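please find the sequence and the predicted model below.
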Amino acid sequence: MALETEQKVEHIHEQMVMWRRHLHENPELSFEEVETPLYIEKQLRKVGITDIKTGVGGRGIVARLKGAKPGKTIAFRADFDALPIDEENDVPYASKVPGKMHACGHDGHTAALLGFAAIMSEQVEQLAGTIVLIFQHAEELPPGGAKEMIADGCLDDVDVIFGAHVSSHLPLGKVSCTPGAVMAAVDKFRIHLQGKGGHGAQPHTTLDSIVVGSQLVNDLQTIVSRRVDPMAPAVVTVGVFQAGTAFNVIADTATIEGTVRTFDAGVRQKVEDELRAIVKGKEQSAHVTTTIDYLNGYPTLVNSEQESELVRKLVTDVLGENSAMMAPPILGGEDFAYYLTEKPGAFFHVGARTEEAYTQFPHHHPRFDFDEHALNHIASLFLALTNHYLIEK
C-alpha cells in the first residue's frame, strides 16, 4: 500500500513554513549551534518521534523511524548552520541576530526534513525497513559536520542516503540530479611570508614581503594555466593578501590565503604539490622564510548512477514531465560528499526561484530568500524515495 503523500504534504506546508521562519530568525554559525539542535529535537518529539540521539559528532541529531517489518535502511540529511552575513531582507522573519543569516537555505532543508518526519511518523507501521533522519551541523565551515557525524556512527546500517538543497539558480518545479562528480573538492591554503622590514627609502636593506607576495600571487595562477591539463577543471583563487602598516615602511611579513577547487583526485594532489613547490622556490630565490598551511577540505561530491536515475524518475512522477534535469558540475563544495564516499546515494538541487524579485538573489547574498513551496517538493521527493525503498508492492 503506497504512502499518502500529496495531501499530507499540502496539509503540513504551513507548519514547515513556520519551522523554517523560526530557524531563519534565529541563525547559528557552524560549530556554534546550541539552540538549533534543541529546537529540532523538540519538534521531532512533538510529531511523535522518540528514537532520537543528540550530540552526534558534537552537535548533530540522528532520529530513527523503524517500520513494522524488516527491510532496507534509507537515510535523509538536512544541514542547519547559518552564515556570518548581515541580512538585508525587510521581512517579518528576518534574522534577529546581527552578523548572522541563513543565506543558503539550510533553514529550509531542516524544515522540509521535519515535515517529512512528521508525515512518516503517522505512517511508520507501513514501512518494511528503517528511516534515518540526519540533522547535521556545520556544513559551511571545513572540516564540516558530516565527517564528525559519520565517525560517530550516523551511517551505521544505512544502505542508501539522499540529500536535497534548495536552489535560487533553478526555477521552482525543476530538480537537478546529475550522476558522477557534481560538486568540487574544496581545499584552503594559507601562506605566511617572513621577510625583513625597513625604511621605504632603503629597500636594499630589506626583504620586501609585499613584493615577494605579489610575485607569488601571480605565480600561483600558472598552476592552472600551465601545469594542469586544460581538460581537467581546476581553480586557484587568492582571496586574502594582508601586509604592511604604514605608507613609508617596507613590510616584514605578509599573509596570503585562498582556495583550490578540483574534481579529479590526481589533479587535486598536483595542484597542492605545485603550490608547495612554487612557494618553496620563491623562498630560495627571494631569501625569505615561508610557512604553508594547506587544509584538505571536502572531497568531490560524486552521485551514484543508479540512485541519480531513480531521483530523476521520481521527480518526473511527482512534479511532472520536464521537471527533472541534469545540470553541469559546479565548483562549489558540499560536505554531503563524505556520506557518498561511504554509501551509495544522491544529492539533488531543488528549484526555488520564481519571477518574484525576492527569489532572484544568489546563495550567500545578504538578500537571499526562496519560494517556500520548494519545501513541499523536497518533502514529496523524500516520501517518493521512501515509497520506493520501504513500501512493499
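Yep, that arrived. What you see is a predicted model, and the numbers here were worked out from it, not measured in a lab.

domains of this protein?
Under the assignment named as automatic domain parsing, the residue ranges that make up the domains of the chain are 6-183+300-390, 185-296.

could I get the average pLDDT for the first one?
Taken as a whole, domain 6-183+300-390 carries a mean pLDDT of 98.

what about it, start to end distance?
Its start and end residues considered, domain 6-183+300-390 measures 18 Å (C-alpha to C-alpha, to the nearest Å).

one step back: how about JSON lines for the domains of the chain, with mean neighbour count added?
C-beta here means a position set from N, CA and C on the backbone, and glycine is covered the same way. Conversion of the domains of the chain to JSON lines gives the following (neighbours: other C-beta atoms under 10 Å):
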{"stretch": "domain 6-183+300-390", "mean neighbour count": "20"}
{"stretch": "domain 185-296", "mean neighbour count": "16"}
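
which secondary structure element contains residue 256?
Under the criterion DSSP states H and E, the helix or strand holding residue 256 is strand 253-262.

which outside residues touch that strand?
184-195, 197, 209-210, 212-213, 216-217, 220, 232-244, 268, 271-272, 275, 300, 331, 333 (C-beta atoms under 8 Å, 6 or more residues apart in numbering).

could you give the average pLDDT over the next helix or strand after it?
Scanning the chain past strand 253-262 towards its C-terminal end, the next helix or strand to appear is helix 265-286 (assignment: DSSP H and E). In this model, helix 265-286 has a mean pLDDT of 98.

quick one: which of the contacts of strand 253-262 sit in helices?
Here DSSP state H is the test, and those give 209, 210, 212, 213, 216, 217, 220, 268, 271, 272, 275 as lying in helices.

correct me if wrong: the second one contacts residue 250.
Yes: counting by C-beta atoms under 8 Å, residue 210 touches residue 250, with 7.4 Å between them.

now stretch 215-229 - C-alpha only, CSV.
These are the backbone C-alpha positions of stretch 215-229, laid out as CSV (Å, rounded to 0.1, in the frame of the first residue of the first chain):
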residue,chain,number,x,y,z
GLN,A,215,55.1,37.7,-7.3
LEU,A,216,53.6,34.6,-5.5
VAL,A,217,50.1,35.6,-6.3
ASN,A,218,50.9,35.8,-10.0
ASP,A,219,53.0,32.6,-10.0
LEU,A,220,50.1,30.6,-8.4
GLN,A,221,47.9,31.4,-11.4
THR,A,222,50.3,29.4,-13.6
ILE,A,223,49.4,26.2,-11.8
VAL,A,224,46.0,26.1,-13.6
SER,A,225,47.1,27.8,-16.8
ARG,A,226,50.4,25.9,-17.4
ARG,A,227,50.6,22.8,-15.1
VAL,A,228,47.2,21.3,-15.1
ASP,A,229,45.6,19.5,-18.1
